[in-house]
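S.K.: dropping the sequence and predicted coords here.
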Amino acid sequence: MLQLLTFLVQKLSLICKFRLFDSSWPEGEKEWERERRTQGGGAAPSPLLLLRRGDLLEVPRTIFTHYGIYLGEHRVAHLIPDILPVLTSDQKLIGSVITNKRLILGCVYKRATVRVDTLEDFAYGSKILVNHTDGEMSGKAFDNEDVARRAEKLIGSIPYSLLWNNCEHFVTYCRYGSAVSRQTEKFCECLKFIIRDQRSVIITVLLGIFAIISYGLAPSTTVLTVLVPFALWMAG
C-alpha cells in the first residue's frame, strides 16, 4: 500500500509540473536583446520595430505555447481552433476575436482556422519570442518572404488535431518545410513514461474493482478492470 501511495504522489507531482502544451524549447534571447547588447546596452527598443515579415512568433499561455507567423503591418497569421466556421458563413462574425468557448468547441469538433489577427490580439498580453526555434530545428529556415507567403496560402478553415495538426505544426511547416511539434513530443514522452510504469496496471485494476463495487458488474466496469490493465501490461 505504501508503494501505491508513493506512486500516486509521484504521478500527481508529475502532472502538476507538466505543462501539456509547453514546447520546452531551450531558453534563448529575443532579437531586441541581441541588438541592445551589440549596441552597448541602453533601453530596449520596441519589439514591433524589429519584427520582420516571415518571423516566427511564440507567446506563452497558461498551459501551452501559441505560435504564429508575422505578416508585417502589425498582422500575425496563426492556426487556432474555432467552431464558428462550422456554424455560420458570416465573415464579420468569424473575424471577431476568438473567445475561450469558441476555442474549446473548436477543439472538440476538430476544426480550426488559419486566420490573421493584430499583434495585440495574438499576444493577448503575453511577451513575444521571435524566431526562438531556429537554433533547434534540423532544417534551415526559409527566406522570410517565402515563410510569409506559405502562411498566407494556408489562410482559411482546416481540420484540427490537438496532437497532430496544431499551431506549432503550422508555423514549423511554414518556416522550415516540416510540420513538427515539440509540445506533442513532450506529451507523448510523458504518456509513454506513465504507460511503461507497471504500477499503472495495479492502479487501474484497483480503480476497476472500486467501480465494480460502486456500480456493479457491467461491460464498462469489466473493460476498466480487465482489458485496460491488460493493454497497459502488454504496452509496458
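M.R.: On my side now, so go ahead. Residues are numbered from 1 along each chain as shown.
S.K.: what's the first helix or strand after the helix or strand of the chain with the lowest mean pLDDT?
M.R.: Using mean pLDDT, DSSP states H and E, helix 31-38 stands out as the lowest-scoring helix or strand of the chain, at a mean of 38. Following helix 31-38 in sequence order, the next helix or strand is strand 56-60 (DSSP states H and E).
S.K.: can you mark which positions in stretch 87-106 are buried?
M.R.: Within stretch 87-106, the residues scored as buried using 16 or more other C-beta atoms under 10 Å are 94, 98, 102, 105, 106. C-beta coordinates here come from the backbone N, C-alpha and C atoms, glycine included.
S.K.: average pLDDT across it?
M.R.: For stretch 87-106, the mean pLDDT works out to 89.
S.K.: could you do stretch 170-189 as well?
M.R.: Average pLDDT, stretch 170-189: 89.
S.K.: any stretches of the chain with poor pLDDT?
M.R.: Along the chain, segments meeting pLDDT under 70 span 1-49, 195, 198, 200-201, 205, 220-236.
S.K.: please parse it into its domains.
M.R.: 2-10+193-235, 21-188 (automatic domain parsing).
S.K.: okay, helices next: where are they in this protein?
M.R.: 2-17, 31-38, 84-87, 91-94, 100-109, 119-123, 144-153, 167-176, 182-196, 199-215, 219-222, 228-235 (DSSP state H).
S.K.: so in terms of bridging, what pairs with residue 76?
M.R.: Listed by DSSP bridges, the beta-bridge partners for residue 76 are residue 70, residue 117.
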